[in-house]
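**Student:** what's the 3D shape of this:
(2 chains)
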Amino acid sequence: MEMQTVKFYQTGTFTVGNRLLDENERSVQANMERTNSLNSGHRACQGCGEALGARYAIDAAMRVTGDKLIAVNATGCLEVFSTPYPETSWQIPWIHSLFGNAAAVASGVAAAMRVTGRSDVRVVAQGGDGGTTDIGFGCLSGMFERNDDVLYICYDNEAYMNTGVQRSSATPPAARTATTMAVGKEPGNVFGTGKNVPLIAMAHHIPYVATASVANLRDLEFKVTRAMNVHGARYVHIHVPCPLGWGSAPADTIKVARMAVESGLFPLFEAEHGEVTGRTRIRHKVPVTEYLKLQKRFAHLFGKTPDQERLDQIQAIADKNIRTFGLIDTELAHG
Amino acid sequence: MLKQVEGSHAVAEAIALSRPQIICAYPITPQTHIVEGVGEMVKDGTLKNCEFINVESEFAALSVAIGASAAGARTYTATSSQGLLFMAEAVYNAAGLGLPIVMTIGNRAIGAPINIWNDHSDSMSMRDAGWIQLFAETNQEALDLHIQAFRLAEELSCPVMVCMDGFILTHAYDRVDVPSQEEVDAFLPPFEPRQILDPSAPVTIGAMVGPEAFTEVRYLAHHKQLRALTLIPQLSAEFEQRFGRASGGLIREYCTEGAETIVVSLGSINGTVQEVVDDMRADGAKIGSVSICSFRPFPLTALRDALQNAKRVVVLEKCLAVGLGGIVSDGVRKSLSGIQLKGYTVIAGLGGRAITRGSLRQLFEDAAADELEQVTFLDLNADVVAYELERESQARRTGPTAEAILKRLGTVSSKIG
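**Tutor:** Sure thing, here's the model as predicted:
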């Protein structure tokens, strides 16, 4: 009998597949015993990708560690919306120090655990793209280089949202922000700038690096779980749409995130010790316009006469990602 | 046990005796020998149950210390000058979070122009950060203050800076009495943190506080320092009783009884000041001196008691509030509120400029005759300044003046005296 690939999904979600699985293989969030580490009642905007990503990521890390987890948070949306004194949404030990030092504070917490005989307690540091790729980059690289036992999670919404949507080094080309205005000869963020921190993390040859998306929460849980099952410095970079900053509908957060993945603009991959060891194939490739047109930050590319030159440039970036990371299985690809 | 060692080494021994659990280090002159010394003790196993972490910047050094301290470990780091400025944001943060970190400052000037030698500009830049600041007069006191600092920090849940003059103390070989481990253990119990990151009792640390409570939080930080005004002398007295020598405290008076002129200063310069006081006393001058050990909290009452019967106070400062004059003077004047006496600010020893007995004697005699300006720069080369001011008045110039002055002086090495 011919082998048939079984796919546990219908229209691109894993919800149905989850029900078909054995109970102990189901997602962390599907389990009544989940910790709700980031509890309800916080002040994130409707459709916040970061709140969603953080809840899944931290609950998954809690399951791996048997609830022995400490979180260190950089300044940013996640910190502000979760801890307006005297309230807190965190059901786990949690500390916020500064914008640019989460990785270093986490190194200190991890060292204290070792030296006070609590090595079973694990440490997660988390921040947005500004706190990770810009102001916290020095501390992040230091933590990687020392191979400290910390998982750093970056929730990447591609700009400084907490301060009012300013450009970061994770802001994509052409995107309109408060500091890359959609005016002039080169509207939005200029092409050829920015940095790819997952690849830079890999260059440190740390045990584990992965990218993830809130479009694929099961994959996100899986990667956090893998990350927490190894020791040393680890990095997970999660793509989290921001309805406020991107000008997308709150109800479309998952859809926007999925279009980023399916267009090839946000490749999902894993790397161990500096080598790519896994990638999530694109199932239904979509043109980048399907992703861009959902967001007002790219509205200047469309209008009456589409800016075809820049749209082509963005498509070229997506196509290059697909080639570089092998995101389309050429044998199974349709048409 | 008596030892003839470098000041940095003496401090390293004091740190080791205090049983720290986490030490973070980033190199900067002149504090490097201290962390090198402790680092070696960790690596060769002399200092047990302690991790030595090499970090990538001073900002990271204090950030790692913040994480370690919040997670319940006794934590130490050291820095100087630009390093202290680079960690400035974390300096305020550690105090705001109430973390009992102890940090040595090997006092050094701040650039530009870059200068590695001693003055107090670095510590003074962080005087309002919420840390307790203790200034050591000698290497023995630097050693002793570190042991007291851990106790003080942990009793108050407040970080402490122990400030010692770069090179003058850090690199000077001197005789010090190093206490035994048993003696230090009896004085300094193990660290019992007030709040701790622990999965069995989760807390949120570092929440956002708005206008409704921020003033109260800041008041409590101030109140904590006021409590230190009582605790610092108590610890100093207990230390003296256990170890047999006086170290620390708020201020120390020297020949102030009946003194008409009293010199106030911080740190190692007090040794020279006291020698000049001896010389002048021998010649019949009514002069004395006060050494401020605790600069934060600032000992207003103790200073008032020490100074109020004098006719004039000379504040000798190794720092400069540009556009104002003295920094220490401000506090001294405040301590004398309502009392009529003459006050002089003397800026001295900037960037390692030697403060000689000869210069001090002349200065104090001028002060006693009330022939000093309100703000005096000790041994200022008036010729060089006049030349440069004249040169600048003739043509608008770009760039720093430092190179032009060095060219005029015709030297690239430091002159003593």
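**Student:** neighbours around the closest residue to chain B within chain A, how many?
**Tutor:** Residue of chain A nearest chain B, by CB to the nearest CB: residue A:108 (2.6 Å). (C-beta placed from N, C-alpha, C; glycine too.) Per other CB atoms under 10 Å in any protein chain shown, the neighbour tally for residue A:108 reads 35.
**Student:** any idea of the mean pLDDT in the helix or strand hosting it?
**Tutor:** Here residue A:108, judged by DSSP states H and E, is contained in helix A:102-115. Average pLDDT, helix A:102-115: 98.
**Student:** do stretch B:390-405 as well
**Tutor:** Stretch B:390-405 shows a mean pLDDT of 81.
**Student:** picking that back up, strand partners of the helix or strand following the helix holding residue A:108, parallel vs antiparallel please.
**Tutor:** Note on helix A:102-115: by DSSP H and E, the next helix or strand toward the C-terminus is strand A:122-128. Its sheet considered, strand A:122-128 pairs with strand A:69-73 (parallel), strand A:150-156 (parallel) by DSSP bridges.
**Student:** ok, now which ones touch the spatially closest residue to the residue of chain A closest to chain B that is not a sequence neighbour?
**Tutor:** Taking CB to CB, 6 or more residues apart in numbering or on different chains, and ignoring the residues beside it in sequence, residue A:108 has residue B:67 as its nearest neighbour in space, at 2.6 Å. Listed by CB atoms under 8 Å, 6 or more residues apart in numbering or on different chains, the contact partners of residue B:67 are A:72, A:95, A:97, A:104-112.
**Student:** can you do 7 Å?
**Tutor:** Residues in contact with residue B:67, defined by CB atoms under 7 Å, 6 or more residues apart in numbering or on different chains, are A:72, A:104-109, A:112.
**Student:** do residue A:198 as well
**Tutor:** Taking CB under 7 Å, 6+ apart as the criterion, residue A:198 is in contact with A:209, A:211, A:235, A:237.
**Student:** can you check the pLDDT for it?
**Tutor:** Here the pLDDT value assigned to residue A:198 is 98.
**Student:** swap in residue A:306?
**Tutor:** pLDDT, read off for residue A:306, is 94.
**Student:** what strand or helix carries residue 143?
**Tutor:** No chain was given, so I picked chain A. In this assignment (DSSP H and E), residue A:143 forms part of helix A:137-145.
**Student:** the chain in question should be chain B.
**Tutor:** helix B:139-156.
**Student:** just want the residue of the stretch 1-150 of chain B that's nearest chain A.
**Tutor:** residue B:67 (2.6 Å).
**Student:** and whatever helix or strand that residue lives in, how far out from the chain's middle?
**Tutor:** Using DSSP H and E, residue B:67 sits within helix B:58-70. Between the centre of helix B:58-70 and the centre of its chain there are 20 Å (CA atoms, centre = their mean, to the nearest Å).
**Student:** CA atoms of that helix as CSV?
**Tutor:** Extracted in CSV, the C-alpha atoms of helix B:58-70 (Å, rounded to 0.1, in the frame of the first residue of the first chain):
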residue,chain,number,x,y,z
GLU,B,58,29.9,47.9,33.2
PHE,B,59,26.2,48.3,32.3
ALA,B,60,26.1,44.5,32.1
ALA,B,61,28.2,44.1,35.3
LEU,B,62,25.7,45.9,37.4
SER,B,63,22.8,44.3,35.5
VAL,B,64,24.1,40.8,36.3
ALA,B,65,24.5,42.0,39.9
ILE,B,66,20.9,43.2,39.9
GLY,B,67,19.6,39.8,38.7
ALA,B,68,21.8,37.9,41.1
SER,B,69,20.9,40.0,44.1
ALA,B,70,17.2,39.9,43.4
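**Student:** average model confidence for that helix?
**Tutor:** Mean predicted confidence for helix B:58-70 is 98.
**Student:** residue contacts, residue B:135?
**Tutor:** Residues near residue B:135 by CB under 7 Å, 6+ apart: B:163, B:266-267, B:292-293, B:295.
**Student:** please disregard the earlier target; I meant residue B:319.
**Tutor:** Counting by CB under 7 Å, 6+ apart, residue B:319 makes contact with B:119-121, B:124, B:327.
**Student:** neighbour-wise, which of those residues leads?
**Tutor:** residue B:120 (30 neighbours).
**Student:** how confident was the prediction at that one?
**Tutor:** For residue B:120, pLDDT reads 98.
**Student:** surely it meets residue B:105?
**Tutor:** No: Residue B:120 is not in contact with residue B:105 according to CB atoms under 7 Å; the separation is 9.0 Å.
**Student:** using the three-state scheme, assign the residue nearest to the spatial centre of chain A.
**Tutor:** Here the mean C-alpha position of chain A is nearest to the C-alpha of residue A:238 (CA atoms, centre = their mean), at a distance of 0.7 Å. Assigned with DSSP: H, G, I helix; E, B strand; the rest coil, residue A:238 falls in the strand class.
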